[in-house]
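Enquirer: curious how this folds, go ahead:
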Amino acid sequence: TVTPGIYYPSPAEGGEPQFTYSNALEYGLAKIGDNVYFTVPVTTESTGASAIYKLTFSEWGYPAGEKESQELVRIDLQANGENRQASLAILGLEPVGDKLALLAVVDGYLKIIGYDSESGRLWGEAELPDFRVTGSKSGQADAGDAHREAYEAYSSPNDRILNIGFGISGHPGKQSLLSVDFTDGVKVIERAEADYGGFEEDDFSGVAAMKHRDGKLYVAKTLREPEREGDRFLYDIVRPKHFFIYVYERGRLIYKGEL
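Expert: Residues are numbered from 1 along each chain as shown. Take a look at the predicted model:
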């Protein structure tokens, strides 16, 4: 049981309350060892206060709420008020070794905040003032080459590097890739722009992985061929699929291969 004090916009007269999220709720879940953490992916329309929780589970069939989950980090949303001078949206929560990475959008730009998973102590922050994230779910219009709120994230339990891929609005065959090191604070160590040459993301049955190793970012991904006029299929699953491997170093594509 978690009870964050989040307030949502008042509905129109006679309407139902509108609970809007920046991403699906599972984006707010992270697991480190046997511990599970959660935060609500809130939009800029949300006010009040949220938190990162260390979840406490009850045996099935026992009354819920006997053990309230622990509030590890408090997240103030008051900047999102009517007379706001700033705005804050939370995209999700990711595990990185024994640290937690909170992906946030502050004034429309990406910010990655690291916390110690035991104490909740701030581990570090990385701000990307030129990395715009926007979408209708955050109460803003899609514009230009802004990044979509949904993202891919990859990190191994023994890794201290979080690898993230953001789609770019209006460009289905492109992604912005980030590698963020949590060894000593929070530091972006790789940033690259991936262009899949018109191929489309294989969202439902695809393979995707990202790994940063020895100063290089490796991306493995299955992609579907784009639809062509006069060659349309009723089901996406029968469109040809390709398995590519990309390697980036210092923002530059240095290898591309197909299996």
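Enquirer: and stretch 29-42, how far apart are its ends?
Expert: From its first residue to its last, stretch 29-42 covers 13 Å (C-alpha to C-alpha, to the nearest Å).
Enquirer: mind listing what's buried in it?
Expert: Neighbour counts over stretch 29-42 (16 or more other C-beta atoms under 10 Å) mark Ala30, Ile32, Val36, Tyr37, Phe38, Thr39, Val40, Pro41, Val42 as buried. C-beta coordinates here come from the backbone N, C-alpha and C atoms, glycine included.
Enquirer: from the residues you listed, which ones fall inside helices?
Expert: Judged by DSSP state H, helices contain none of those.
Enquirer: these: which two are farthest apart?
Expert: Comparing all pairs in the buried residues of stretch 29-42 by C-beta to C-beta, the longest separation belongs to Ile32 and Val42, at 22.0 Å.
Enquirer: please, where are all the helices along the stretch 51-200 of the chain?
Expert: If you assign secondary structure with DSSP state H, counting those that start in this stretch, the stretch 51-200 of the chain ends up with no helices.
Enquirer: make TSV out of the buried residues of stretch 29-42 and add pLDDT and distance to Asp184.
Expert: Supplementary listing: the buried residues of stretch 29-42 in TSV, determined by pLDDT from 0 to 100; distance: C-beta to C-beta, whole Å:
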residue	pLDDT	distance to Asp184
Ala30	98	21
Ile32	96	19
Val36	98	26
Tyr37	98	22
Phe38	98	27
Thr39	98	24
Val40	97	29
Pro41	97	28
Val42	95	29
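Enquirer: so which of the residues you listed are in strands?
Expert: In strands, defined here by DSSP state E, the members of the buried residues of stretch 29-42 are Ala30, Ile32, Val36, Tyr37, Phe38.
Enquirer: which one of the buried residues of stretch 29-42 sits closest to Glu201?
Expert: Pro41 (20.4 Å).
Enquirer: I'd say that closest one and Phe19 touch.
Expert: No. Proximity of Pro41 to Phe19 does not meet the contact threshold set by C-beta atoms under 8 Å, at 11.3 Å.
Enquirer: look up how far Leu25 lies from Glu225.
Expert: In this view, Glu225 and Leu25 are 33 Å apart by C-beta to C-beta, to the nearest Å.
Enquirer: what's across from Lys174 in the sheet?
Expert: Counting by DSSP bridges, Lys174 forms beta bridges with Asp195.
Enquirer: can you find the helix or strand of the chain with the lowest average pLDDT?
Expert: With mean pLDDT, DSSP states H and E as the measure, the helix or strand of the chain carrying the lowest mean pLDDT is strand 200-201 (a mean of 80).
Enquirer: for stretch 123-140, the averaged confidence score.
Expert: Confidence over stretch 123-140 (mean pLDDT, whole number) is 79.
Enquirer: actually stretch 92-101, not the one I typed
Expert: Within the predicted structure, the mean pLDDT of stretch 92-101 is 97.
Enquirer: one step back: wait, which of the buried residues of stretch 29-42 is closest to Gly257?
Expert: Looking at these and their distance to Gly257, the nearest is Ala30, at 32.3 Å (C-beta to C-beta).
Enquirer: report how many residues lie close to the closest residue to Thr183 other than its chain neighbours.
Expert: Setting aside the residues directly before and after it, Thr183 is nearest to Arg160 in space (C-beta to C-beta, 6 or more residues apart in numbering), at 4.6 Å. Under the neighbour criterion other C-beta atoms under 10 Å, Arg160 is assigned a count of 16.
Enquirer: appreciated, that's everything.
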